[in-house]
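>>> Sharing a model that was predicted from the sequence below.
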Amino acid sequence: MTLEWSALWLTMQLATVTTAALLVLATPVAWWLSTSRRVAVGWLEAIVALPLVLPPTVIGFYLLVAFAPDAFPGAWWQALTGGTLLFSFEGLVLASLIYSLPFAVQPLQTAFQGVNRELLEAATTLGSSSLDRFMHIVLPLSRRGYLTAAVLTFAHTVGEFGIVLMIGGNIPGETRVASLALYESVETLDYGSAHQMAAVLLVFSFAVLLMVYGLNRRIALGQERPHR
Amino acid sequence: MTSLTLSLQHNLGGFRLSIEEELSLQGVLGVLGPSGAGKTTLLRLLAGLEQPERGRLVFDTTCWLDTERGVQCPAHQRGVGFVFQDARLFPHLTVEENLRFAQQRAVRFGVSTVDIVEALELGSLMRRMPRTLSGGERQRVALGRTLMNRPRLLLLDEPVSAIDTEGRAVLLAHIRRLAKELGVPTIFVSHQVSEMAFVADELWVMRAGELIAQGPVAQVMNQLDLQEVSGASEAGSVLSARVTAHSRDYQLTTLSFGENVLAVAGLIGTVGDSIRLRIQARDVAIATAKPGGLSIRNVLPATVTALGQGSDGPHIDVLLRCGDAELRARITRASADELALEAGQSVYALLKAVSVESP
């Protein structure tokens, strides 16, 4: 009965990398979805939301096929880096980006839609270019959206199981994340280790949520800072 | 003096905005008209916030727009300042940061001769968040923010309509003074005749997307056919006068324009000041002989220059010349017939009320 620290550590690494990358990648996607009036918006919205409704095993299966060294993405990756996507940490990150995409895009999209367009007009008449407006008006007014997106993405990546099971291969220190370790403990009837891992994840998740809601309140209150 | 060439064709839903003008901008150009006349759209097209179906805009020597040649200068490069009806301050920034936002993006560098923070009395507001400001304060900050950006052209879209009467007079006075001191050509849009009377030098009157009258403000105000635009009760005249004396005992100020003398209530300005008066048509009565035993203090000799035409209503507007100034009087048609008023006739104008531009 031992707690697998390496599995926990790997989970944190995976969730951190995924969250950081997704916040950057989801920003232009969410901005385009919230501002464009093209028909393609509906299509992209549906595609982004797919991971919400698909069984993770479906995504896992397609990724398994795509990451194989004889398929295009897998072969391309191998030529580029020399490693394989299947059964590797890089492969897990890539899968997590797809799997958690809606959890980053949707809160950002909502936040961007909430930014008053009239403020952007005012900024335009003050000589502010579109990038400048985004950096100095849209971003600061979307802080809560970013916080929500970060938390949901992080938490969702920590909870990932089905996809990791299919493309990760459960290699200790490389792809054996906390949820897999817990699953294996149960399979081998090592309930002691399973209890420990489950409790750690439970306490961790609760602590993160508690912190985020507190922070969120602080931001909300900060926006109505009383005058002195 | 800055030239502006306007040639705009734009669909406004129910009607078309259609304006072809070449003008020299100096001081404040007022654009008056009922809601939906296309005033705001005109400003938005000038600022580049909307694109017309067809059109050409040349400001000074810069071509902002030419749909035929495919020229389009983006809004943020035009250097046009815009003060909106709803201040539109950035809610996440303090007043000071809002002002700095504009200052950092000012296109024209160099020392401004006017300290805008001081001129608009913004010093005590600098650390406040926009949501804690009153409507009048917000609009003052918005005006300051736009001026900090050092615009080449200042557009004001009903900037005082959302604030209380007192704040309104203060802000109008600021606008008038700063437009002059900074020498920035200004276009001021409103549906309030009284605001125009105080702020505008030149006046445009718009209706259903078209320009139906233009000229110096005093002249346009007296055009008889503008009643429907200016509203039944709002019609009136604007004239400039000089403060000549104060009576502390009676709390009256004596004003003169041309050879005429007026007394108005309260101690206004200082002797020698030049101020603007607005006299509403319904506050002017006409007598064919000099009346006696009246409580009205202001009785001026005048000549009838024109009578309004063909109204079925109870009233008729009469234009009077009083020295160099023109006055508009609104009397009943019955009275006009009884007095047998006609152009060229000498009469007396009785002024029941005179309003003075607030300092």
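That came through fine.
>>> what about the strands in the stretch 101-250 of chain B?
Using DSSP state E, counting those that start in this stretch, the strands assigned to the stretch 101-250 of chain B run over residues B:153-157, B:186-190, B:202-207, B:210-216, B:236-247.
>>> would you list those strands in TSV and tack on mean pLDDT, distance to chain A and mean neighbour count?
Where you see a C-beta, it was placed from the backbone N, CA and C, and this is true even at glycine. As requested, the strands of the stretch 101-250 of chain B are exported to TSV (pLDDT from 0 to 100; distance: least, CB to the nearest CB, whole Å; neighbours: other CB atoms under 10 Å in any protein chain shown):
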stretch	mean pLDDT	distance to chain A	mean neighbour count
strand B:153-157	95	8	24
strand B:186-190	94	13	25
strand B:202-207	91	21	23
strand B:210-216	89	24	16
strand B:236-247	85	30	19
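>>> Low-confidence bits of the chain, can you list those?
In the absence of a named chain, chain A is used. A:1, A:221-228 (pLDDT under 70).
>>> my question was about chain B
Residues of chain B that meet the cut-off, pLDDT under 70, sit at B:108-113, B:224-234, B:309-311, B:357-359.
>>> May I see the strands of the stretch 101-250 of chain B organised as a markdown table, with distance to B:Arg105 added?
What follows is those, written out as a markdown table (distance: least, CB to CB, whole Å):
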| stretch | distance to B:Arg105 |
| --- | --- |
| strand B:153-157 | 16 |
| strand B:186-190 | 20 |
| strand B:202-207 | 30 |
| strand B:210-216 | 33 |
| strand B:236-247 | 37 |
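>>> can you give me how far stretch A:27-41 is from the chain middle?
19 Å (CA atoms, centre = their mean, to the nearest Å).
>>> how about that stretch, does it get close to chain B?
No. Using CB under 8 Å from any CB of the partner chain, stretch A:27-41 never reaches chain B; the gap is at least 15.6 Å.
>>> buried residues in that stretch?
For stretch A:27-41, a neighbour-count test (16 or more other CB atoms under 10 Å in any protein chain shown) marks A:27, A:29-31, A:33-34 as buried.
>>> And for stretch B:287-301?
Within stretch B:287-301, the residues that count as buried by 16+ other CB under 10 Å are B:297-300.
>>> and of these, the nearest to chain A?
Chain A lies nearest to B:Asn298 out of the buried residues of stretch B:287-301, by CB to the nearest CB, at 44.4 Å.
>>> how's chain B carved up into domains?
B:2-221, B:236-356 (automatic domain parsing).
>>> Need the winner for burial among the ones you listed.
Across the domains of chain B, the average number of neighbours (mean count of other CB atoms under 10 Å in any protein chain shown) peaks for domain B:2-221, which reaches a mean of 19.
>>> Skipping adjacent residues, who's closest to B:Leu239 in space?
Nearest residue to B:Leu239, sequence neighbours excluded (CB to CB, 6 or more residues apart in numbering or on different chains): B:Ala325, at 4.3 Å.
>>> how many neighbours does A:Ile47 have?
By other CB atoms under 10 Å in any protein chain shown, 11 other residues sit near A:Ile47.
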